[in-house]
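Q: curious how this folds, go ahead:
(2 chains)
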Amino acid sequence: MSVVEVPAPEIKPPGVARRLWLAELVPFAVGILAWQTLSLLNVWPRVLFPSPYEVAQAFAADATSGVLLVNLSVSLRSLVLGFLVGSAIAIPLGYLMGLNRASRDFFDPLVNLLQAIPGLAWIPFAILWFGLGQGAVTFIIVMSVFFPVLHNLLTGIRMVQPVLIEAVQTLGAGRAAVIAHVIFPATLPNLMTGVRLGIAFGFRSLVGGEMIASTDGLGYAIFNAQQYFQSARIVVGMLAIGITWLVMDRLILRPIEQRTTMRWGLIRDGIDTK
Amino acid sequence: MTEILVAKNVSKTYFDTVAKDDVVALSGISLSVQAHEFVSVIGPSGCGKSTFLRIVAGLDKPTSGEIFVSGKKVSGPGADRGMVFQEYALLPWKTTEANVEFGLRLKRVPKEKRAVATQRFIDLVGLRGFEKKYPHQLSGGMRQRAAVARVLANNPTVLLMDEPFAAVDAMTRQRLQEELTVITASERTTVLFITHAIEEAVFLSDRVVALSGRPGRIVADMRIDLPRPRQWEELVRDARFIRYRDELTQCIHASADAREEHV
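A: The predicted structure is shown next:
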């Protein structure tokens, strides 16, 4: 058979389309430049608006003294542990609720009730149950990660195209095969959104929780620096959180998406209309 | 000749949630399809032809009546009744190759045997060279070729097709139709094909069954006696082709007029 047909325009794999490493630094350079310019204008007292240079100095000091690394590792441990526990409950529960009517009817009202309660509202009980420290912090991270992961996963299950399920059924797929070959991959984009939001919510609770319930970690470091008017160190703590997220995104989440949902054409980088 | 598919007095009534009333979609459809026969079901939109196909596939349940495939009563979807959908329904996360071999994987066919069969059907539909592409990298016509290969590789007793070429452009459609007649003839496939396009039905089929407007009843069952292989260039000028087409058109219009008078 002759095929004269033209295939759809080749969609560049995201890896190839990625900009140069140097080009990626441009937005940050512009940000730092704007920041430096603002601080040179001397509009605000330096304690209220530290310059990039002061922050860099504070960063170097905290990095060499080891304080930064200790706080970072303490916070990361709570965050990762809280995230793992939260999603380890949310993901199986999500599939159970999405695929089984009885469990959906049972859990849905409970989930809806608890959903609106911010993770931070659990702090009093977290302290009572786990004492001051990273145990309490981890607990509220679990509570913060759980709902966005569950909610997005459920949305993903609701969005699965029925025709895909029907098609594999006429190829002989039973329930297990439908779940493995259709439901799991089809829900991946939403699950990834849930994971991103979960981590973002986790960071918020981490910082808030450490300010109240802990004596170490990045959140505590920010809080502590404020007590001593060390505004440059506040920024160091804030930037450490931002950079941690950036690294997690680039090293873990994006590669997963590039190898799955983007490769399958389910999501793209954006819509660049000409 | 062996009867592959038998529909006995199949009716379907469903509750229309908007109109808040029962709607009779299909009324007493009895039909039998012989081995290696290509049968098309045509009718105006809303006549229930797709519903009928879905009932044969086991994706919908009839309100009354029964379907038998190879003597076995249909109670749900199964690999013996593979279906090609208008919207292709390829799994976006699987390459052409993985989509085509999917049914064989479910049947636990050994890897080497699976690979041979998969390649044979990819070649048959003209997708050699596109084995490692994902569906979103293929054109509409190519996606539908892959969907056909996916079902054929699974060796169904009857191939069900629900307006499979409605979403592709006119040029591609004609080519896909010509290719389908070649493939189903060489593979000796039994086909039940749904379309609203009368010419398409005549071009492809050994028999065309026409349904009236809602509720769908059989108003014609016409044998199409045209030589194969068929090609559009020749057939559009063939007097027999034109006669079949016109007779079926009249038949459907007459049933529509009768219905309007009745209303």
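Q: just the terminal-to-terminal distance for stretch B:227-240.
A: Chord length of stretch B:227-240, first to last residue, is 11 Å (C-alpha to C-alpha, to the nearest Å).
Q: buried ones in that stretch?
A: Of the residues in stretch B:227-240, those buried by neighbour count under the rule 16 or more other C-beta atoms under 10 Å in any protein chain shown are B:Arg230, B:Leu235. Every C-beta, even on glycine, is put in place using the N, C-alpha and C of the backbone.
Q: quick one: mean pLDDT for that stretch?
A: Rounded to a whole number, the mean pLDDT of stretch B:227-240 is 92.
Q: quick one: contacts of that stretch?
A: Contacts of stretch B:227-240 with the rest of the structure, by C-beta atoms under 8 Å, 6 or more residues apart in numbering or on different chains, involve B:Gln174, B:Gln177, B:Glu178, B:Thr181, B:Val182, B:Ala185, B:Phe203, B:Leu204, B:Asp225, B:Leu226, B:Phe241.
Q: also near chain A: which of these, exactly?
A: Intersecting the contacts of stretch B:227-240 with the contacts of chain A gives B:Val182 (criterion: C-beta under 8 Å from any C-beta of the partner chain).
Q: and which of the contacts of stretch B:227-240 is nearest B:Asn9?
A: Using C-beta to C-beta, the shortest approach to B:Asn9 within the contacts of stretch B:227-240 belongs to B:Leu204, at 26.6 Å.
Q: and for that closest one, the neighbour number?
A: Residues contacting B:Leu204 under the criterion other C-beta atoms under 10 Å in any protein chain shown number 24.
Q: now A:His181
A: 22.
Q: residue contacts, it?
A: Taking C-beta under 8 Å, 6+ apart as the criterion, A:His181 is in contact with A:Val168, A:Ala173, B:Leu91, B:Lys94, B:Phe102.
Q: doesn't B:Trp93 make contact with the last one?
A: No: look at B:Phe102 against B:Trp93 with C-beta atoms under 8 Å: they stay out of range, at 11.2 Å.
Q: strands of the stretch 51-200 of chain B, residue ranges please.
A: Ranges of strands within the stretch 51-200 of chain B are B:64-69, B:72-73, B:83-84, B:159-162, B:191-195, based on DSSP state E, counting those that start in this stretch.
Q: point out the most buried one among those.
A: Comparing the strands of the stretch 51-200 of chain B on average neighbours per residue, with mean count of other C-beta atoms under 10 Å in any protein chain shown, the densest one is strand B:83-84 at a mean of 26.
Q: show me what that strand is packed up against.
A: In this structure, strand B:83-84 packs against helix B:140-153, strand B:159-162, with contacts taken as 3 or more C-beta pairs under 8 Å, 6 or more residues apart in numbering or on different chains; DSSP states H and E.
Q: leaving out chain neighbours, which residue sits closest to A:Gln134?
A: A:Ser78 (4.9 Å; C-beta to C-beta, 6 or more residues apart in numbering or on different chains).
Q: isn't there a helix covering the one you found?
A: Yes: remark: A:Ser78 belongs to a helix, assigned using DSSP: H, G, I helix; E, B strand; the rest coil.
Q: right, and it touches A:Gly219 too?
A: No: between A:Ser78 and A:Gly219 there is no contact, the gap being 9.5 Å when judged by C-beta under 8 Å.
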